[in-house]
Each structure stands twice: as C-alpha cells, then as structure tokens.
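Trainee: What shape does this take:
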Amino acid sequence: MKSVIRLATLSILIVASLGAILCGLGYVAGVRVNITSSIPVGLYKIASRAPHKGDYVIFCPPEHAIFSLAHKRGYIGSGFCPAGYGEMMKQIVAVEGDSVGFRTRGVYVNGQRLAFSAPLTLDPSGRPLPALRMEHTMGKGELLLMTDQSASSFDARYFGPVTASQVVAVVSPLLIWRSVNDIAN
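Mentor: Numbers count the residues shown, from 1 in each chain. From the prediction side, this is the model:
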C-alpha cells in the first residue's frame with residue numbers, strides 16, 4: 001500500500017512540475033491567459049505592434065482613486081503595476097478624435113451605444129458604483145478600454161479614458177473558449 005501511495009505522490013509531483021515548467025515557458029514566450037469575462041476567455045499571444053482601435057490590450061491601471069477603490073473592493077487584483085495593482089485586459093473601443101458620451105443608458109462612441117455598456121448603480125455586494133456622466137472628445141494618446149461581452153465588467157464606464165502609456169501590450173487570441181455572448185444565445 002505504501003508503494004502505491006509513493007508512486008501516486010511521485011506521479012502528481014512530476015505532472016505538477018511539468019505543468020509549472022510549461023506555464024513558465026509559455027509566459028516567457030509571450031502567452032497570456034484570460035479567465036475573466038472582460039474579453040473572451042482563452043489564451044492570448046503578445047503582439048509586438050502599436051495598439052489600434054478594436055485591439056485587445058493588457059494595461060496597468062493608473063494610480064487614481066477609482067482604481068484604489070476597485071482594488072480595495074476586489075474588482076482588480078494585486079500585481080506589479082503602480083500602487084500594487086494587477087494588470088487588466090480590455091478592448092480598445094475609442095481613440096483620438098472619437099466622440100464619447102458617458103450616459104445613463106450606456107457609453108456611446110461616435111453616437112453609437114456600445115453593447116453591455118450600461119453602468120450598474122450597485123456592485124454585487126450592494127455598494128454604490130461611481131457614475132460618469134459627461135461628453136468627451138478623445139485626445140491625443142487617450143484610449144477608451146471596455147468589454148464587449150459583460151454587463152458587469154469594471155471598465156471605462158466607471159473610470160473613463162486612460163493614456164496609451166498605460167498599455168503594457170497588445171494581445172491577439174491564440175485559443176479562445178466560448179464568449180459570454182455565445183453562451184447567452
């Protein structure tokens with residue numbers, strides 16, 4: 001019986017070690033995993049190019065009160081970004097020159113309301129969420145980062161535009177699982 005337990009323990013250790021090595025090699029090779037509903041769940045590869053409208057990006061939240069609140073409430077994790085915030089993944093939905101409206105019914109870009117952009121008034125724990133209500137023309141170096149598939153994502157509807165300098169990398173899907181939109185339909 002002892003030899004079976006030893007063999008099972010050794011097998012688990014070997015498999016876990018190989019998994020850790022593969023994950024480390026993938027990370028070094030520029031592979032990233034998204035498990036949130038902000039963009040489709042899956043594996044992404046870092047692309048070595050400048051960000052453009054429609055791209056998925058990894059960004060570091062700036063040191064700002066809204067991100068401090070989001071971190072404290074658990075909307076964003078801890079990591080190596082300024083103030084100890086974790087990186088976030090979103091899609092670029094507006095760039096320089098685009099007209100953006102933060103309204104009660106949602107976020108509008110160039111007059112078109114974005115799907116899943118209606119701001120929630122309370123988070124799942126019943127705490128109030130910030131309400132941006134403004135019209136804004138995107139300036140040089142500004143990006144609007146949102147989800148296109150989750151009504152509950154913590155995105156630009158709560159924190160507004162960020163600067164392009166916050167972008168760590170553009171990412172392209174390698175392998176994605178069903179999106180929230182696919183599951184709902």
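
Trainee: And Ile92, what's its pLDDT?
Mentor: At Ile92, the pLDDT value in this model is 98.

Trainee: For the protein, which segments count as strands?
Mentor: For the chain, strands defined by DSSP state E occupy the ranges 31-34, 42-47, 56-59, 88-94, 99-103, 106-109, 112-113, 134-137, 142-146, 162-163, 167-176.

Trainee: Now render these as TSV, adding mean neighbour count.
Mentor: Heads up, the C-betas are built off the backbone N, CA and C, glycines and all. Written out in TSV, the entries for the strands of the chain read as follows (neighbours: other Cβ atoms under 10 Å):
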stretch	mean neighbour count
strand 31-34	17
strand 42-47	17
strand 56-59	22
strand 88-94	23
strand 99-103	18
strand 106-109	19
strand 112-113	11
strand 134-137	12
strand 142-146	24
strand 162-163	18
strand 167-176	16
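
Trainee: so can I have CSV of the ones you listed showing distance to Val4?
Mentor: Formatted as CSV, the entries for those read as follows, by distance: least, Cβ to Cβ, whole Å:
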stretch, distance to Val4
strand 31-34, 34
strand 42-47, 36
strand 56-59, 45
strand 88-94, 43
strand 99-103, 62
strand 106-109, 59
strand 112-113, 61
strand 134-137, 65
strand 142-146, 52
strand 162-163, 55
strand 167-176, 36
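
Trainee: right, so of the ones you listed, which gets closest to Arg6?
Mentor: Distance to Arg6, taken as Cβ to Cβ, is lowest for strand 31-34 among those, at 32.6 Å.

Trainee: what comes into contact with the closest one?
Mentor: Outside of strand 31-34, the residues that reach it under the criterion Cβ atoms under 8 Å, 6 or more residues apart in numbering are 40-46, 58, 89, 169, 171, 174.

Trainee: Just name the closest of those to Phe80, please.
Mentor: Phe80 has its nearest neighbour among those in Ile58, at 11.8 Å by Cβ to Cβ.

Trainee: Who does the residue nearest the centre of the chain form a beta bridge with?
Mentor: Centroid-nearest residue in the chain, with Cα atoms, centre = their mean: Met89, separated by 2.4 Å. Going by DSSP bridges, Met89 is paired in beta bridges with Ile58.

Trainee: For the chain, which element, helix or strand, carries the lowest mean pLDDT?
Mentor: The helix or strand of the chain with the poorest confidence is helix 180-184; it has a mean of 48 (mean pLDDT, DSSP states H and E).

Trainee: got any ranges where the protein has weak pLDDT?
Mentor: Scanning the chain for pLDDT under 70 picks out the ranges 1, 18-29, 178-185.

Trainee: Repeat the analysis, applying 90 as the threshold.
Mentor: Low-confidence segments of the chain, defined by pLDDT under 90, span residues 1-40, 48, 82, 131, 148-149, 174-185.

Trainee: Wait, Ala156 touches Asp148, no?
Mentor: No: because the distance of 11.9 Å does not satisfy Cβ atoms under 8 Å, Ala156 is recorded as not touching Asp148.
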